[in-house]
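Engineer: predicted model, plus sequence, below.
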Amino acid sequence: MFPYLSDDDLNYISKDGKIPKHERWVERIATGELVIATNLNLAGLTNFANDQAQLDERIKWIIMK
C-alpha cells in the first residue's frame, strides 16, 4: 500500500505523466512490491501537482506583467 520509492522512482513518476511506463515497474509489480493502482494514483497526483505548479507560474507571470 505504501511502497518505498527512491528519488529516482519519484522522478520517473513525475516525468512519465499520468500513465506510468509499465516496463519501468513490471518487476516490482510482479514481486508484489508495488501495486498498479498505487502507481497510477501516484502518477495522477504528481501530474496534477506539476500542472498546478505550471498554472501558478503562469498566473504569477500575468500578474507581474
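Structural biologist: Done, it's in. Numbering: from 1, shown residues only.
Engineer: next, the buried residues of the longest helix along the chain.
Structural biologist: As assigned by DSSP state H, the longest helix anywhere in the chain is helix 36-64. Under the neighbour-count criterion of 16 or more other Cβ atoms under 10 Å, helix 36-64 has 39, 42-43, 46-47 buried. In this view, the C-beta of every residue, glycine as well, is placed from N, C-alpha and C.
Engineer: show me what it is packed against.
Structural biologist: The elements that helix 36-64 packs onto, with contact taken as 3 or more Cβ pairs under 8 Å, 6 or more residues apart in numbering; DSSP states H and E, are helix 7-16, helix 22-30.
Engineer: got the angle for the shortest one vs helix 7-16?
Structural biologist: It stands for helix 22-30. 130 degrees (axes from the mean of the first three to the mean of the last three Cα atoms, to 10 degrees).
Engineer: can you give me the mean pLDDT across helix 22-30?
Structural biologist: The pLDDT scores in helix 22-30 average 95.
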